[in-house]
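A structural model of the following input is requested.
(one chain, ligands or ions: 1)
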Amino acid sequence: MTRAMTLMNDQTPMTDAPAAKATPTLPDAQVVTAVKHYTDRLFSFRVTRPASLRFRSGEFVMIGLMGDPDPKTGKQRPLLRAYSIASPSWDEELEFYSIKVQDGPLTSKLQHVQVGDEIILRPKPVGTLVHDALLPGKRLWFFSTGTGFAPFASLLRDPETYELYDQVIVTHTCRDVAELTYGADLIESIKTDELLVELIGEENLAKLVYYPTTTREQSPKMGRITDLLKDGTVFKDLGIEDGLSSETDRAMVCGSMGLNVDIKEILESHGLEEGANSDPKHYVVEKAFVG
Ligand code: A2P
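Residues are numbered from 1 along each chain as shown. As a prediction, this is how the structure comes out:
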């Protein structure tokens, strides 16, 4: 199905939108301020930020919408899922990057939100992809697939990420080139947006290395990041002679279950150990993420 067709089909349930606006204000409601669709499967949106919400870049919150009324009682319950906050902790709004699952209980509806609509946002940020969960190191790796890029979109816009390391390497593996767009645009904006350049600092930005790969469509770098690590391609491409070591390398991982399991094995084979907020070590994995 083409994107245009999907968008046209998307119009059908959109008649729900005015009705939704007329319903009483949701509990923990925030208002959508921007929506951007990337492909049939991916979109991002921004919402207002509760004045009292403080979070560490890389954390997630529960967000969602009211579910359909129970056919018997007519009662509605919130339908919530864990979403990494994609915006940095200094941003006055909150950004999210989401998959669209056509028969998914939440994202089948969430994909239709428009500016002015309300979503539910429980203001209790948590998560393991935070600097506090890692011991000091020299090189920080962000390994992501699909919408697993989201927490890194937050961390990459946080100056602290660069201040703590000599090099920050972000890898993003997607099926095709279009699915890389959100990440590619983000990296571009970090390097060219006046405000971001000034905030992060040109010296810090020189530490950033972006390594996108695709698996199902031709692009400059093909293959799963796991295979490219195992056969040494990544190290060769980036001029890293000594590979990964627990002395120098720190990693954060966010993606499909398969990626999480496979990267974990690779990192551990190089002597890196998994850390947590309460026990900082060499790498962390976001387990709440469902790609
Ligand atoms: P592949 O096309 O070989 O399955 P998805 O869209 O299904 O969530 O996948 C996003 C990307 O993650 C795809 O490029 C997919 O590659 C890749 N991927 C899936 N499983 C793994 C894994 N175990 N290790 C590395 N990459 C993976």
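
tell me the pLDDT at the nearest residue to Met252 once chain neighbours are set aside?
Excluding the flanking residues, the one nearest Met252 by Cβ to Cβ, 6 or more residues apart in numbering is Leu129, at 4.8 Å. Bear in mind the C-beta positions are built from the backbone N, C-alpha and C, glycine included. Here, the pLDDT recorded for Leu129 equals 97.

Quick check: beta-bridge partners of Pro212?
Under DSSP bridges, the beta-bridge partners of Pro212 are His172.

follow-up on the earlier one: A helix includes the residue nearest to Met252, no?
No. Per DSSP: H, G, I helix; E, B strand; the rest coil, Leu129 lies outside any helix segment and is coil.

The single nearest residue of the stretch 1-150 of the chain relative to the ligand: how many residues sit nearby?
The ligand sits closest to Thr145 of the stretch 1-150 of the chain, with a gap of 3.3 Å, by Cβ to the nearest ligand atom. Residues lying near Thr145 (other Cβ atoms under 10 Å) number 26.

I figured it was touching Asn260, is that so?
No. Using Cβ atoms under 8 Å, Thr145 and Asn260 do not qualify as a contacting pair, with a distance of 9.2 Å.

For the stretch 51-200 of the chain, what lies in contact range of the ligand?
Contact residues (Cβ under 6 Å from any ligand atom) of the stretch 51-200 of the chain with the ligand: 145-146, 173-175.

Distance check, Ile200 against Ser189.
Distance of Ile200 to Ser189, computed by Cβ to Cβ, to the nearest Å: 11 Å.

Of the residues of the stretch 51-200 of the chain next to the ligand, keep whichever come out buried.
When those are checked for burial by 16 or more other Cβ atoms under 10 Å, the buried set is 145-146, 173-174.

Narrow those residues to those in strands?
Applying DSSP state E to these, the entries found in strands are 145, 173-174.

What is the nearest of these to Ser256?
Comparing those against Ser256 with Cβ to Cβ picks out Thr145 as the nearest, at 5.2 Å.

What residues does that closest one make contact with?
172-174, 225, 255-256, 259, 291 (Cβ atoms under 8 Å, 6 or more residues apart in numbering).

Return the set of residues that bridge with it.
Thr173.

pLDDT wise, what is it at?
Looking at Thr145, its pLDDT reads 97.

and stretch 243-255, what's its mean pLDDT?
For stretch 243-255, the mean pLDDT works out to 97.
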